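S.K.: my questions concern the predicted model and sequence given below.
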Amino acid sequence: MTHTHPHSPRHGSHHGPQHAAGSGGQAEILDLDAEVLAGHTAAITAWLPVEEAPHEIVDLGCGTGAGTFALLARFPGARVTAVDSSAEHLQRLREKALAGGVEDRVRTVQADLDSADWPGLGTPDLVWASASMHHMADPDSALRHVHDTLGTGGLFAVVELAGFPRFLPENAPEERPGLEDRCYAATDRLHAEHVPHRGADWGPMLTAAGFALEGERTVRVNIQDSPAEALGRYALGTLQRIRGAAAGSLALEDLAALDRLLDVDGPHSILRRTDLVVRTERTVWAARRKD
């Protein structure tokens, strides 16, 4: 979970009301997120302060597997238990594992991580939670669950995005400069009410749950060299979800400008733009169970 970026109430899935897309569209956005941000995800896994290569890893809120496959690549001797509430996302993850020849290293578990009874996840050496912890109804309880699940000396990596990624230059679109800023301001107000832990500082919460914080890093993302088709589709899917969340708060002129960007057949379609970039921030906290 995957941002993301737009995450859904499902753990590890991108949120925000659906707009002209079902769960299949959500899965596609997760896949595009994984493709476009692959280099940054790999850099985060390389930074993790592991004392020795983990053998058993849990990916909490795995979505369609961005973190799962990055961890499998980083730690070739490890197995990953991928946990998510979406059966469709887990099926897609299994298909990818089969296609990549790593199906014997992946186990999937469908579970609601807000329930009182967590699934049996063994005693992992590493737990990874990317863009999923802020969806938890009771994050303090979830952190305690993770602490008790890890073996002594095990590492917990929490990765969170600053919010939706941005794609347009500041002076775009030409008829409504600053449109993205106003869209994000509207979604920020919505998420402050419905997803209050997005953007939280997880360091003190990890310490309160019994972890020893071993590192924190903020990675600034500014991607211009991603394949144009993937970047355009990623921007389109993200802005579709932003529209669903922000439509009621936008000025009519902004909504009209946004709809012109989302009209894939129109002359102003975001798919036709050649000036797109991905700008966002990721913060990762690495915490260890000491007892």
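M.R.: Received the coordinates, thanks. Residues are numbered from 1 along each chain as shown.
S.K.: which SSE is residue 280 in?
M.R.: Here residue 280, judged by DSSP states H and E, is contained in strand 278-289.
S.K.: for residue 157, what are its contacts?
M.R.: 44, 48, 126, 127, 128, 129, 284, 285, 286 (C-beta atoms under 8 Å, 6 or more residues apart in numbering). For the C-beta atoms, the positions are set from N, CA and C on the backbone; glycine is no exception.
S.K.: I misspoke; the intended subject was residue 166.
M.R.: 180, 184, 277, 278, 279, 280 are the contacts of residue 166 under C-beta under 8 Å, 6+ apart.
S.K.: and if you look at residue 266?
M.R.: residue 260 are the contacts of residue 266 under C-beta under 8 Å, 6+ apart.
S.K.: which SS state does it fall under?
M.R.: Per DSSP: H, G, I helix; E, B strand; the rest coil, the local secondary structure of residue 266 is coil.
S.K.: any figure for the gap between it and residue 71?
M.R.: Distance, residue 266 to residue 71, using C-beta to C-beta, to the nearest Å: 41 Å.
S.K.: ditto for residue 80
M.R.: For residue 80, the distance to residue 71 - C-beta to C-beta - is 6 Å.
S.K.: mind listing the shared neighbours of the two?
M.R.: With C-beta under 8 Å, 6+ apart, residue 80 and residue 71 have common neighbours 57, 59.
S.K.: ok, back up a step: show me what the strand holding residue 280 is packed against.
M.R.: helix 38-47, strand 155-161, helix 202-208, strand 211-223 (3 or more C-beta pairs under 8 Å, 6 or more residues apart in numbering; DSSP states H and E).
S.K.: quick one, the second one and strand 211-223 angle?
M.R.: Orientation of strand 155-161 against strand 211-223 (axes from the mean of the first three to the mean of the last three C-alpha atoms, to 10 degrees) gives an angle of 40 degrees.
S.K.: partners of strand 155-161, with directions?
M.R.: strand 126-130 (parallel), strand 278-289 (antiparallel) (DSSP bridges).
S.K.: got the contact list for the first one?
M.R.: Just to be clear, that refers to strand 126-130. 1-2, 12, 41, 48, 50, 54, 56-61, 66-67, 71, 75, 78, 146, 149-150, 154-160.
S.K.: count of residues packed around residue 141?
M.R.: Look at residue 141: counted by other C-beta atoms under 10 Å, it has 15 neighbours.
S.K.: residue 63 reaches residue 30, doesn't it?
M.R.: Yes. Counting by C-beta atoms under 8 Å, residue 30 is a contact partner of residue 63 at 4.5 Å.
S.K.: compare those two (neighbour count), which wins?
M.R.: residue 63 (36 against 32).
S.K.: distance of that one relative to residue 270?
M.R.: 23 Å.
S.K.: check whether residue 71 really touches residue 46, as I assumed.
M.R.: No. Between residue 71 and residue 46 no contact is recorded; they are 11.0 Å apart, counting by C-beta under 8 Å.
S.K.: ok, residue 73 - contacts?
M.R.: Residue 73 sits in contact with 42, 45, where contact means C-beta under 8 Å, 6+ apart.
S.K.: could you check how many residues crowd around the residue nearest to residue 226 when sequence neighbours are not counted?
M.R.: Nearest-residue entry for residue 226: residue 36, 4.8 Å, with adjacent residues in sequence omitted and distances by C-beta to C-beta, 6 or more residues apart in numbering. Neighbour count for residue 36, taken as other C-beta under 10 Å: 21.
S.K.: tell me how far the spatially closest residue to residue 65 that is not a sequence neighbour lies from residue 107.
M.R.: Using C-beta to C-beta, 6+ apart and skipping the chain neighbours, the partner closest in space to residue 65 is residue 93 (4.0 Å). For residue 93, the distance to residue 107 equals 11 Å [C-beta to C-beta].
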